[in-house]
Each structure stands twice: as C-alpha cells, then as structure tokens.
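# model the following, please.
(chains A, B, C and D)
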Protein chains: 4
Amino acid sequence: MTTEKQTQGTVTVLRHKSEILKNNPLGDKFIRDVCVYLPPGYEENTQKFPVIYCLTGFTGRGKMLLNDNAFVPNMAERIDRLISENKIKPMIVVMPDCFTFYGGSQYINSSATGDYEDYLTAEIVPFVDANFRTITDKNSRAVMGKSSGGYGALIMATRHADIFGLACSTSGDAYFEFCYLPDFAKAFRAIKGNPQKLVEKFWDEEANKGKDDFAGLNVIGMSACYSPNPMSELGFDLPFDLETGEIRFDVWEKWLAHDPVRLVEKSAENLRSLKLLYIDAGTRDEFALDLGARILCKKLREFDIPHLHEEFDDGHMQISYRYNRSLELISQTFERQF
Amino acid sequence: MTTEKQTQGTVTVLRHKSEILKNNPLGDKFIRDVCVYLPPGYEENTQKFPVIYCLTGFTGRGKMLLNDNAFVPNMAERIDRLISENKIKPMIVVMPDCFTFYGGSQYINSSATGDYEDYLTAEIVPFVDANFRTITDKNSRAVMGKSSGGYGALIMATRHADIFGLACSTSGDAYFEFCYLPDFAKAFRAIKGNPQKLVEKFWDEEANKGKDDFAGLNVIGMSACYSPNPMSELGFDLPFDLETGEIRFDVWEKWLAHDPVRLVEKSAENLRSLKLLYIDAGTRDEFALDLGARILCKKLREFDIPHLHEEFDDGHMQISYRYNRSLELISQTFERQF
Amino acid sequence: MTTEKQTQGTVTVLRHKSEILKNNPLGDKFIRDVCVYLPPGYEENTQKFPVIYCLTGFTGRGKMLLNDNAFVPNMAERIDRLISENKIKPMIVVMPDCFTFYGGSQYINSSATGDYEDYLTAEIVPFVDANFRTITDKNSRAVMGKSSGGYGALIMATRHADIFGLACSTSGDAYFEFCYLPDFAKAFRAIKGNPQKLVEKFWDEEANKGKDDFAGLNVIGMSACYSPNPMSELGFDLPFDLETGEIRFDVWEKWLAHDPVRLVEKSAENLRSLKLLYIDAGTRDEFALDLGARILCKKLREFDIPHLHEEFDDGHMQISYRYNRSLELISQTFERQF
Amino acid sequence: MTTEKQTQGTVTVLRHKSEILKNNPLGDKFIRDVCVYLPPGYEENTQKFPVIYCLTGFTGRGKMLLNDNAFVPNMAERIDRLISENKIKPMIVVMPDCFTFYGGSQYINSSATGDYEDYLTAEIVPFVDANFRTITDKNSRAVMGKSSGGYGALIMATRHADIFGLACSTSGDAYFEFCYLPDFAKAFRAIKGNPQKLVEKFWDEEANKGKDDFAGLNVIGMSACYSPNPMSELGFDLPFDLETGEIRFDVWEKWLAHDPVRLVEKSAENLRSLKLLYIDAGTRDEFALDLGARILCKKLREFDIPHLHEEFDDGHMQISYRYNRSLELISQTFERQF
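Model (predicted):
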C-alpha cells in the first residue's frame, strides 16, 4: 500500500544573487536557487529553529535533494517523516547549489571554478539567517552531506567551525590515494588528450557516454578544485601527463593538500571544538571511502578529536536512508545544548 | 558554462480525487497529483492548445519527469527549450501518476492493482479538458512514453484511438519472449518463494537490494497487471512455479495476450486510424526492445498500418534526449491538421 | 607449500580413425586423440577395471581435461588423489574428443555436424574395450560430464542405458527456455545476419571477440546440433529470424525435442534401469541450470525414476571440484555391484 | 573445418633438481619440470639452435603454455605453425616453472619465496645448454613473456643482459602506481586481516572465491616478492595497514624499487647492450599496463635506449596471439646476427 504521504513542512525556493560568484571563471550562473525546508508550524508561530545545511555530491545541486522517487522519500519527505515520528525536532534544512560546469566545486575556493567556500560561508549562511527565523549560534548550525557533500561538510568542519558547530560526513571523499588515484587510468583513457571535449560530452545529452567517461569528468572536476593553475590553458592542471598517463607528482601533492586526512593536523583545534563530528561509510564503497573513513578516524584519534565513526553494509549509491542517522545525531546534539 | 535556463512555461500540480481508484485492491492512494505543463503565454491569452500525455516507465510516476538533473533538462525544461528553439509549437503536457504498490500499472485494468486504463481515459483526460484550455479533438491529443510508458502509449493506441490520435513509444515493452522471459530465472532467485517479502524490501529503504531484486519486482509487477487472479492468495499468478521455476504456460499465455505484437491484429483498425504512430528503440537495449520494436513493426507492415520506426545507438537508460524526436513528430502532426 | 604431486596413474593417448566421422559435413578431422587414464598398477597385473567416460562442455575436448593448473588438479591428478585417499577405487577414465568447427556436438547425431552419438557409442566404446582391460558390463561403465558434457551424459542415459549403466550430469543443459532462449537477443546481435562470419571470428585468434559473441557461437552450435536442415544454406536453421530476431517456433520446437526435460517420458524405462543417475547444479548458475535440474528432477519423480539431486552454492564456472562427488558416487555404485 | 594440426616439433619434459630452491622458505618443491620445445628436425641432425625462454604470468608455470585449447594454438603448436609458415626459423623454446605457494616469484630473489632469479639464470640456463644443442651466445638467447612473465623478461634485460641478449615484454608489469595500487582497497577487503587464510582459499578448490580475492592474492604474491621481511611473521610486509588500509609508504617504496620504470636509470648500460627490446600492451589493459608501457618507453627514450614499442586494441586476457609478434621479432634478430 502506498500511503498518502502527508507533507507537513514546506519547501521555499529563494533566488539569491551572489557577488562572490559574479564573474566566476566558468561563466556559471551567479543567481541561484536556495532551497529551504521549513518545518511544520513555521508559519504559525515565531519560534526560531536550528539549521542544517545539506550539501550534495559531485554532479549534484540542492534542488536534486527534492527529486521525487516513488519508493524512497526525498529530503523534505524524510524530514517530515522523522519529525512526525518524533525522531528529530523541527528544524530548517538548507540545500544550496554549488554546482559548476565541471560538475561541482567541492565547496572550496578555486581560481578555476569560483570561490564556493566563500559563497557558502559568507553569502548563503547570512542570507538564510536574514530570511528565516534561524538560531544563529554555531552550535545550532550543522552541515552534512554525502560523497563530495560529505567532503564539503569536513571542509566546513576544518576551516569554519566558527560557523558550523556540527558536521556529518556520509561517505565523504577522503584518502585520495584510494578514492581518486585508482581512476586515473580510466580518466586518462576517457579524456583522450582533450579534457574540454570530454566535459562537453556531458553537456550534450545526445552524446554517448562511455563507461570510463564519468571517471574522466570526476578527475577533471577535482583538478579544477584541487590544482587550479591560472597560468595553464584550462585554468587547472591534471594530475597526469596527457601523453603517457604518468602521474605529475607536483600536481598530485596539491591534491593531497586538500585531503581531509592531511587537514586534521592543522585543523585539530577547530575539529576539537565541534559539538558533533560524525563520519560514516559503507563497507562496499566503490571509491573505498570506508577505508578513507577509517584512516581519517585514526588521524582524529591521534589528535584526540572526539568523533563518531560508523560503518554500514552497503556501497556508495542509493544510501540516502543513511541521512537519517546524521539527522538524528544532529537533532540530539542540538537538543542537548538547549 | 551553465547558462541560466529561462523557464518560460509553468508547471501546475492539480490534485485529482479518483472514483475509479477508490477502493483499489492494493490500498494505493486515490487522490493523486496530476502534473501539467502549460506553455509560455498560456495565462495571457485565451488560445486553446493541443495536449500530450506523457507516461512514465515502471517504478515511475508523472512527477518524476520534473526531477532536476544538472546536466539534462527535465520534461518542462525540455519543452521550454524546444518551444523557444521553435522546434515544437506551444502545447500542454500532462504527466499522470499511475504508480502502484507493485511499481506500476502498465496503464491497463487489473483486478490485482486497479483500473488504471479507465482511470487515465475516463477520468484524467476529461479532468484535464475540464481544467485547461485544451483542444479536445483526438487528433490534438497525443500519448507518449518510455519503456512501460511506451507500452502504455501502445495500449492507448490499440484500444483508445478515439481518444488519442497520436502515439509514440520510446523503447516500449514488446515481444515478451525477449523483454520479460529472460529475467524469469533471476526473478525466481530474487523472489525466493515469497513475492510479498521481496516487494516489501523495495518499500524499506534500509534493506539491501540484491542484483536480481529488480528483475523480481518487475516480474511481480507485470504479473499483477497481466495475470491477475482474484482466486489466488496474492491476487495474481506468477508465470513460473515457485519451487522449480518451471514456466506456467497457462499464465504465460495470459501475459502474451497483452503483448503489443499480439494486439496488432485485433486492433488493426484503431491503429490505422492514428495520425501518428512512432516506435523507436536503442540497438543496445538491455531488454532487447529493439528486437521487440522490429517484430512489432513487421506486424504493423503485415496489416498495412502506417508507422514510423527508428533505431538509436544506445541502450534503455538515460535516453530522455529521445523524447525530443517524439515531441517534434507530434508537434508536426498537430500542425499538419490545423 | 606446493607439495610434490605424485602422479600414480598414467595417461595414454590413442589415435582413433573413425569411420563414422569420415566425410563429416564440416570437414572436421576424423582421426582423433582418445585420452585414457589408467590407474596405478594397471601395467603390473591383469585385473580388469570399470570405466568412466568423461565428456567435456561446449568448446571443449577430452584433452583439455588434462590441462595444467597450478592450483587445481586436472582430471588425472584428481583421480590419482581420490584413489590414493581411498575415496574411489582404481578405474579407467576415457576422455573422448567430440569437438566440431561450431564448438561441439552435444554428443548427438546431426546432419549438420556429424554422428557423434554413434561415434561415441558405436566406435569409441568398443575401441576402448578392445584396447584396455575394461569390465565390459554396462554396470561397470559410467558416463559423466559438465555443462554440455552433462547434457551428453543425460543423452547417453536416455538412449544408451544398455551401454552406460551409470550417469552423472554436472550442470548439464536442461530446460532450454532458461538455458538457451535468454541468450537469443545477444546471439542475434553478435551474429549480425552472418552466422558463418561469427564462427570464423573464433577461429581467428587475432579477431577481437565482443561480449555477446560467445552467446552467438553457442546458439549457432546448438542450432547445428538441434535443428539441422540439409535443405538450408548453412545446413541448419537458427531459432530466430535474422532480420527481426523473432523466434521461429517451428525451429524452436525441434530444439525442445532435445531437451532432457522432454526426453524423460519417452525414455523412462531406460532411465529407470540405471544403477546411478546423479544430477547437480550450482544455485548461481549463469545459465539457470539449477532450475533446469530442479525441473528435470521433478519430471523424474513424476515417472518414478530413481535419482540423486544436489545443489551447490556456486555458478557455472570453475567447478571441477564437483567432479569429485560424481566420481565418488560412481565408484560406490561400481563397488556395490561386485 | 578443424584441420589436422600436424605437430612437427617435439616437447620434452626434463626433471631438474635445484640446489638453489632446496630449502626454499615456502617448502615449495625443488624438483621441477622444465618443458622444452625442440624444433622439427632436431633429432635428425647436429645443428645448434638459438633459444627462447618463455616466462608465464602470475599463477602460471611453464607447463601451462602447453595447455590445449580447441580454438587457439598452444605454445608448441604456435611455434610449429610459425616455423612451417616460414615466419620464424627453427629454435628451441624453454618453459620454466617459477611458481610458488603465493602464486609466483616475479622471477626475482626474495627471502620470502626463494631465489628464483638465481634459479633461472644460474641453474636453468646452464641446465638447458648442457642438455640440448643450443647456441650459447647471449645474442642467440632471448627471454619473453606475458604479464608477470613480461616483467620477468624486463628483469632479465636489466640485470642479466650478459645472459639474455634479447627481451620481449607482452603487457609486462610496470608503473606500479597504476598496475598494483588501484587494487589495494580490493585486496584489503579480500584479505580481511588474514593473508594466510586468503592464500589457503586458493589451495582449497571447494572454497568459494569472492570477486576481490584475486586482487588479494596478487597483492600478497607481490609483497612476498617485493617487500620480504625476515623479521615479520609472514616473512614479508604488506603495503597497507591491516586495520585501516592506510598505505605503508616505507613498504611501498620497497615495491617501487622493483618497478621497471625505476630500474631503467641504473640498468641503462645493460639495456643498451640488448639486440632487441620489445615492449607491447593492449590499450584496454585491465591493469593499465598500456600506460605502464608508455611511461617505461618514455624513460627508455630519456636514456637513449633503443627499443620497439607497440600497442594493440585489446585487454590483458586471451592475447596469446601477440606472442607471434615477439617470436617473429626475436627470430629476425637472431637471423641478423648469423
């Protein structure tokens, strides 16, 4: 029986005009939708609510969290359900759009894509606080996400713990030796010496995508974020030679500098200040992010950073049910503080 | 560069309360959303528009045609783009919801699921005509869809040519010996003697889905549509024995009676009356629907039924770009008549 | 530690010149190697031994049972080991060659390939009995095999129970609706209208084989065995139309007449006379032969034919360890009779 | 038509008792078969012949090059054919056995497996020269092989150019960042903290092998060769932590020291002395050995080392047809010298 799902909260879509993204190097749009879930009862009273920022994975943007699926609830339906089942308290959920021509921004600043880290922290957070009845204390503001969205949550945790006091990473990118490097050969083959051409294939819906093409796009997208180079033709460096595939270790080092595993040491104080740091992964993750999570958590232990680490018996895809765990932990942490 | 997609038309979602689906055997909801795309300018004038009904595949429902994808336009964005590029004329597009607990209805009546053929033809079409400025002539009303939606379009073409004067099937289910039977062994293994339990797995987002589970759901869903049996425990018969997997040929014959290939002869007059009958498929279709289309078109030729048959170099998935062809053909056919 | 495998038995290869295969329609060689394993001690005394005929699968021939694999014993090493571990009694094992240009013969007579059923029963068996100290009683002569070799064993059991008193089928072809029909669409695509050309690809080691090519060869091979047609260009009929893929049900019926499931009724008396009829399969068999085995065994029960049915948790490949079970059962049955 | 393959040469199997492998740490056998192909006419005259040593890949041993395949010639049949087609001159081909409990030796010395580099160069070569009418000049002695056998050929070329004056690597292991590292996560999962147990699974033919198990065996095997450690429990170090999967960079550096790409510089003089250095790979190689070959050849160019580099449109498996190219090049080079 497919029951009537009674949507209790409401979703509002605000258009935000960004100063930071204006003139971004890719010509990507700077007026973007910010999707905001408001809990049931939001309109009727004057209560303030804690806020969660939910970040999407590579090739995603906030709006996609609201896509319809007949079997599985979208983010708004999920929150509604958890609230109505009393598993979480009413809260506001923000779904920002940090997508780019290359597929994503990793929620960091880059001369090759734009300053999405600033966009999120310096524009979207104030914009949300200005437009909705949010509790503006950092400990009532969480960030969560899956895959590159989990990575984004970790970035916020390491560098913006003054803004986000809670962070949950679901299968977030970590330990780049395992989550990216094994795809270099596939990416090399997909790119065939011409990165631009491969990206354009993704923008041409009629173009046949080969089995390695996504690996190619992913490496290009990550290069634009991790190894921008204003001096180069594309605006970024690829981590391998386009003739032989040989790893360019100087570029690779730039990537590694963005690996959460390597960010722990210099961000230890920030990370220690968090009220919640939750890291999960599936033990069959196709990008070995379960190993990434283990290695990251080992580093966290080395630096005495409190955190919660969980593993699930699944892979990297179709795991939105795991948002429940993050949402419940965040809600409990919010509660503890009041 | 991700350009500003200027949405010109508007999407309206009406809630329709069905008399036909009331008391449906699965307890599925009978108040359903009907998503309707209205072309740019609809509000400003009093013009009437032709209408397309777009049917979704198995496990889909109308709303999903509006899901966001960063790289590929959804149905509304697609229509907007085609209109603005002057490739199609302004039209209304209706996206109905014929989903069921078992994943779909194949747009036919069944004692096991409900009377979705009647729902669509006797309730939704009049409801749309009553609520929007449609041209109500059959030759200004088309039906199209992909996969099971293409099958639905073929069903409308064979039995309701008085309502829909144009029909386009994109990789529609046909020649059941190739599109369903090869999955029986997988389905047998996934069902493990308990169809109900397998279906429930799909309704439990935390349940791990095995690689054959979808084949199992598909066979169950088709059984509910093609071989309902009010006398049986489940309300329908599976086409194989649950102990050995042996095909139950009496049940299989009931399925075959619904195969478009077999419906041609008895529906020849209806099919001949269509202003457009378009059938396509990809030559790598995972369900061999390209062969289904070839065999179907051979039958159409045998009965002198005008039709257009095209093949594409792709498979069964991520082929929404092929909607363009249907939309353009429909628009041209609409035009020719005015 | 890789221990010294002490080969105790000996392998003799006799060249047999066949009258039956002379002038076979494919021009395949008629002088063939017959590989024979003789148990330890064979040379030293005058004892007579029971005999097993081990038949290979499609694309195989007897000699391949003796191929070296560093991890897994070949047939001679396996027999040696089982004898030395006292799990089986000393016996002679014959590995005949019934390979053809199309990949195999299914051990039956066909105007398109040659009379391999006669070759095996009327030439090879007498030849072996004439050249080795065999016990010539049918109850001291077993036939076993895997895949198409298991099918061959079932054929011998149904039609030559006077020659072979014991038969073991390991994942033998059965229930053609599941083991062959699901590959028709793949085969259609691989054949691309030209069966001869596809076969030649297999004889050209430099030709790139596509992923569906084996399915194509398999269907061609089976057609040559099951639906020979001296009137046709190729000498046999394919079970589908080369333009549309539509099943040719008249040809398909010829195939089905060779399905072990359908042979039970008319061969019931023969089958009942066997001293051992063993049927196994893996529950993940890629050709659904576990279902084939279940359906076959259900028929055997219907006709009160004694048999042993076992299932293993594996697939269709790399299952030579399962020969052990057949060999042990055969040895025990031989013993019971003496 | 399967023609009578007229085997013209003969295969002799000599048993060689090794002093070097005696007391090897794994207890692997030290009396091993050396398979030797002697060209047609060898017996009739007193001519001396040049010699090729053909090395097998991981999990292989010389005898396996003689395995029967109905469609594809084995090594002896291949040589026969090439000689009879006058594509190569008569020669002796030696197929040694350097297999170990862990699946292979990479043809190098290791305290964890045994001194297989010495075994091959100091025992087998003299043994062959003593037992057959070989031309003992280094320029009449070639080494070739596929995969790990190609790696072995490269090792001989870098360190034993005084023995082997010609070397051909078919898809030989090179650039370990691409051919090994991407499998570490799979290997980690397959090993499950217990390397010994995984290896034993390969020695138990009844054990179900999981999809990642081969990656696990491969990493264990390479560890035994590249990072032996007499102080450790297993006798070698794995390149990752068994708890988290984190790469042990100290161990990884030991591996890299064995990478052909890194051996070029220190072996430049040896490599330059070769009469033939041939390197090929398939552009779809599953271990990215085409990139390995490109990178290796770039290094060779940097050090002005003459070589021939070719690419084929295939993968890593079923490529024995590519032996033809090596054999022809070797034969031509042998010829040029006489």
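# I'd like the average pLDDT over stretch A:36-44.
Confidence for stretch A:36-44, expressed as mean pLDDT, is 94.
# could you verify that A:Tyr53 is part of a strand?
Yes - A:Tyr53 sits within a strand when classified using DSSP: H, G, I helix; E, B strand; the rest coil.
# surely it meets A:Ala142?
Yes - in this structure, A:Tyr53 is within contact of A:Ala142 by C-beta atoms under 8 Å, at 7.1 Å. From N, CA and C alone the C-beta is placed, and that goes for glycine too.
# what about the most centrally placed residue in chain A, which SS state?
Centrality entry for chain A: nearest residue to the mean C-alpha point is A:Gly149, 1.3 Å, by C-alpha atoms, centre = their mean. Per three-state DSSP, the secondary structure class of A:Gly149 is helix.
# on the three-state scheme, A:Ala142 is what?
strand.
# which pLDDT value belongs to the residue nearest to the centre of chain A?
At A:Gly149, pLDDT is 98.
# ok, the closest residue to it other than its chain neighbours to A:Arg189 distance?
For A:Gly149, ignoring the flanking residues on the chain, the nearest one in space by C-beta to C-beta, 6 or more residues apart in numbering or on different chains is A:Leu55 at 3.5 Å. The gap separating A:Leu55 from A:Arg189 is 30 Å, by C-beta to C-beta, to the nearest Å.
# show the contacting residues for the residue nearest to A:Gly149.
A:96, A:98, A:107, A:143-145, A:148-150, A:152-153 (C-beta atoms under 8 Å, 6 or more residues apart in numbering or on different chains).
# with A:Gly149 instead?
A:54-57, A:60, A:170, A:172.
# okay if I get these as JSON lines plus pLDDT and secondary structure?
Output for these, formatted as JSON lines (pLDDT from 0 to 100; DSSP: H, G, I helix; E, B strand; the rest coil):
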{"residue": "A:Cys54", "pLDDT": "98", "secondary structure": "strand"}
{"residue": "A:Leu55", "pLDDT": "98", "secondary structure": "strand"}
{"residue": "A:Thr56", "pLDDT": "98", "secondary structure": "coil"}
{"residue": "A:Gly57", "pLDDT": "98", "secondary structure": "coil"}
{"residue": "A:Gly60", "pLDDT": "98", "secondary structure": "coil"}
{"residue": "A:Thr170", "pLDDT": "98", "secondary structure": "strand"}
{"residue": "A:Gly172", "pLDDT": "98", "secondary structure": "coil"}
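# just the buried members of these?
A:54-57, A:60, A:170, A:172 (16 or more other C-beta atoms under 10 Å in any protein chain shown).
# and which of these is nearest chain D?
The nearest member of the buried ones among the contacts of A:Gly149 to chain D, counting by C-beta to the nearest C-beta, is A:Gly172 at 15.8 Å.
# which non-adjacent residue is nearest the closest one?
Leaving out its chain neighbours, the residue that sits closest to A:Gly172 by C-beta to C-beta, 6+ apart is A:Gly150, at 2.5 Å.
# what about the strands in the stretch 151-300 of chain A?
Secondary structure of the stretch 151-300 of chain A (DSSP state E, counting those that start in this stretch): strands located at A:166-170, A:276-282.
# what packs against the longest one?
The criterion is 3 or more C-beta pairs under 8 Å, 6 or more residues apart in numbering or on different chains; DSSP states H and E, and the helices and strands that strand A:276-282 contacts are strand A:166-170, helix A:289-302, strand A:308-312, helix A:323-337.
# average pLDDT for it?
98.
# against C:Ile31, how distant is the nearest residue to A:Met317 once chain neighbours are set aside?
Closest residue in space to A:Met317, ignoring its immediate chain neighbours: A:Glu286 at 7.5 Å, by C-beta to C-beta, 6+ apart. For A:Glu286, the distance to C:Ile31 (C-beta to C-beta) stands at 53 Å.
# cool, and A:Val125?
For A:Val125, the distance to C:Ile31 - C-beta to C-beta - is 85 Å.
# ok, back up a step: for the helices and strands packed on strand A:276-282, which one ends up most surrounded?
strand A:166-170 (a mean of 31; mean count of other C-beta atoms under 10 Å in any protein chain shown).
# ok, and does that strand reach over to chain B?
No - using C-beta under 8 Å from any C-beta of the partner chain, strand A:166-170 stays clear of chain B, coming no nearer than 13.9 Å.
# can you show me the CA trace of that strand as PDB?
In PDB, the C-alpha atoms belonging to strand A:166-170 read as follows (Å, rounded to 0.1, in the frame of the first residue of the first chain):
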ATOM      1  CA  LEU A 166      28.200  20.200  14.000                       C
ATOM      2  CA  ALA A 167      29.400  18.200  10.900                       C
ATOM      3  CA  CYS A 168      28.300  14.800   9.400                       C
ATOM      4  CA  SER A 169      30.100  13.200   6.500                       C
ATOM      5  CA  THR A 170      28.300  10.300   4.800                       C
END
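# so where is chain A shaky, pLDDT-wise?
A:1-7, A:338 (pLDDT under 70).
# ok and the residue in it nearest chain C?
Closest point on chain A to chain C, by C-beta to the nearest C-beta, is A:Lys211, at 11.7 Å.
# quickly note the distance from that residue to C:Arg248.
Taking C-beta to C-beta, one finds A:Lys211 at 34 Å from C:Arg248.
# comparing those two, which residue is more hemmed in?
Set A:Lys211 next to C:Arg248 and count neighbours by other C-beta atoms under 10 Å in any protein chain shown: C:Arg248 wins out with 15 against 9.
# quick check: residues of the stretch 201-338 of chain A near chain B?
Neighbours of chain B within the stretch 201-338 of chain A, by C-beta under 8 Å from any C-beta: A:202-203, A:205-206, A:208-209, A:313-314, A:318, A:320-321.
# identify the farthest-apart pair in those residues.
A:Glu206 and A:Asp313 (38.5 Å; C-beta to C-beta).
# settle it for me: which of those two has more neighbours?
A:Glu206 (11 against 8).
# so the nearest residue to the more buried one once chain neighbours are set aside, which state does it fall into?
Nearest residue to A:Glu206, sequence neighbours excluded (C-beta to C-beta, 6+ apart): B:Tyr321, at 4.9 Å. What three-state DSSP gives for B:Tyr321 is helix.
# count of residues packed around the residue nearest to A:Met317?
Neighbours around A:Glu286, by other C-beta under 10 Å: 12.
# mind checking how far it is from chain B?
14 Å (C-beta to the nearest C-beta, to the nearest Å).
# contacts only, for that residue.
A:315-317.
# rewinding a little: and of the contacts of A:Gly149, the nearest to C:Ser111?
Checking those one by one against C:Ser111 (C-beta to C-beta), the nearest turns out to be A:Gly57, at 60.6 Å.
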